[in-house]
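In: build me a structure from this.
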Amino acid sequence: MHIRSFARVLFAFVWAGGIGAADAAYHSPVPTEDGWPVADAAALGWDADALAGVEAKIADATYKGITSIVVADHGRLVYEAYFNGGARDAPNDMRSASKTLTALLAGAAIERGLIANVRAKVYPYFADRKPFLHPDPRKDAFTLEDLLTMSSLWECDDDNAFSSGNEERMYVSEDWLRFALDLPIKGFAPWMKKPADSPYGRAFAYCTAGAYVAGALVERAAGRHLDAFSAEVLERPLGIAHAQWTFAPEGIAMGGGGVRLRSRDAAKIGQLLAAEGAWQGRQVIAKAWIAAMLTPHAQARDDAEYGYLVWRFHFAHDGKDEPVWAMSGNGGNYVFAMPARQLVAVITSSAYNQRYAHPQSQEIFREFVLKAMPRPRREGGT
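Out: Numbering: from 1, shown residues only. Sure, this is the predicted structure:
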């Protein structure tokens, strides 16, 4: 065999689970000019080898399509790795994980007096689009908070292919804003909980069209496209220079998903959630708004709550429940944030529309990140 061919085979063997693959060596992240301090995980009490152990399972395709994992502890990067074509400077299509950006921007607009408060009525912002189909006093009462909590009364459910407001129907329409504003009021089948009977008084239904309208509302309030507003109030303060927004056919920025972010930049968004809106000593988003975002406002599933365009999952760890806030997107793209532990973890993946995508990303977080992180000190202990 030619020496080059032999070398390629040997490398493939090692990477796919051969020599040493089970003993992936930990390497601390590389310092760059993006503002992230870096630290050695072991020096902070992490089981660094256990954390890096995920690399063997990605190499042998136990976990498929994973493109990056980035972990931060108390504002310092402690782990960073790229796979399957992922790279430090490669943008990731975060899909619906980027909905959380829209909630952050809504808070920034409220803080600047551009929107009165979270109870601001939705339809008056779009009076130029009258008349609307299916007029109803209940639609007139819709608030920004209804959109941020996925609890408006539009007949809109992305998990129901028959729903009038299913996102796939919106994507093939010429005017996404018109599509959403014209949606009818939904009915409640006998097996569905009405708002009054639901936890937190809100009936949850996952509705990308609602998040899109929330972004359009912020655009109108700010008097500029959402990407420009985001660059001013969010991205530049965080040192994010390469966010890529998408736009609807009518030219409105897509606040319902699809923003492309580098993994280290996505971790900065997670850090805002973990650190009460602060980045390196600077208050980027008001503490009160982050607190509101990270308060359960709706029961999304039996095992998950929902804040303002952000999920609250539950992980079993050390025999107890660990609630974790998460930006979540198609393909298994996640930004996890645990304020109590000052932990942020980004997992990006290209496993779009695959059933295993979300379970495997959550498993990576649970089995490698949570299990490897330092155990909290006990009172009076060392």
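
In: what helices or strands is the lengthiest helix in the chain leaning on?
Out: Longest among the helix segments of the chain by residue count, using DSSP state H, is helix 208-222. In terms of contacts (3 or more C-beta pairs under 8 Å, 6 or more residues apart in numbering; DSSP states H and E), helix 208-222 is packed against helix 99-111, helix 144-148, helix 167-171, helix 176-181, helix 226-230. For every residue, glycine as well, the C-beta is placed using N, CA and C.

In: now those helices in JSON lines, with mean pLDDT, mean neighbour count and distance to Glu80?
Out: Shown next, in JSON lines, are the helices and strands packed on helix 208-222 (pLDDT from 0 to 100; neighbours: other C-beta atoms under 10 Å; distance: least, C-beta to C-beta, whole Å):
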{"stretch": "helix 99-111", "mean pLDDT": "98", "mean neighbour count": "25", "distance to Glu80": "21"}
{"stretch": "helix 144-148", "mean pLDDT": "98", "mean neighbour count": "25", "distance to Glu80": "31"}
{"stretch": "helix 167-171", "mean pLDDT": "98", "mean neighbour count": "17", "distance to Glu80": "32"}
{"stretch": "helix 176-181", "mean pLDDT": "98", "mean neighbour count": "22", "distance to Glu80": "36"}
{"stretch": "helix 226-230", "mean pLDDT": "98", "mean neighbour count": "22", "distance to Glu80": "24"}
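
In: out of those, which is closest to Pro199?
Out: Relative to Pro199, the nearest member of those by C-beta to C-beta is helix 144-148, separated by 15.9 Å.

In: return the distance of the closest one from the chain's centre.
Out: 17 Å (C-alpha atoms, centre = their mean, to the nearest Å).

In: ditto for stretch 204-217
Out: The chain centroid and the centroid of stretch 204-217 are separated by 15 Å under C-alpha atoms, centre = their mean.

In: do stretch 342-352 as well
Out: Using C-alpha atoms, centre = their mean, the offset of stretch 342-352 from its chain centre is 9 Å.

In: skip ahead from the longest strand along the chain and say which helix or strand is next.
Out: Using DSSP state E to define each element, the chain has its longest strand at strand 320-329. Next along the chain after strand 320-329, taking DSSP states H and E as the criterion, comes strand 333-338.

In: give the next helix or strand downstream of that next one.
Out: Strand 333-338 is succeeded, C-terminally, by strand 343-349 (DSSP H and E).

In: which residues in the chain form strands?
Out: 66-73, 76-82, 92-93, 260-261, 278-279, 282-283, 298-301, 304-306, 311-317, 320-329, 333-338, 343-349.

In: which regions of the stretch 1-150 of the chain lie under the pLDDT threshold?
Out: Low-confidence segments of the stretch 1-150 of the chain (pLDDT under 70): 1-23.

In: check which residues of the longest strand of the chain are buried.
Out: Within strand 320-329, the residues that count as buried by 16 or more other C-beta atoms under 10 Å are Glu322, Val324, Trp325, Ala326, Met327, Ser328, Gly329.

In: ok, and the closest non-adjacent residue to Ala222?
Out: Nearest non-adjacent residue to Ala222, counting by C-beta to C-beta, 6 or more residues apart in numbering: Phe229, 4.4 Å away.

In: for that neighbour, what are its contacts?
Out: Phe229 makes contact with Leu105, Ala108, Ala109, Val218, Glu219, Ala222 under the criterion C-beta atoms under 8 Å, 6 or more residues apart in numbering.

In: one more time with 10 Å
Out: 105, 108-109, 112, 114, 215, 218-219, 221-223, 235, 253 (C-beta atoms under 10 Å, 6 or more residues apart in numbering).
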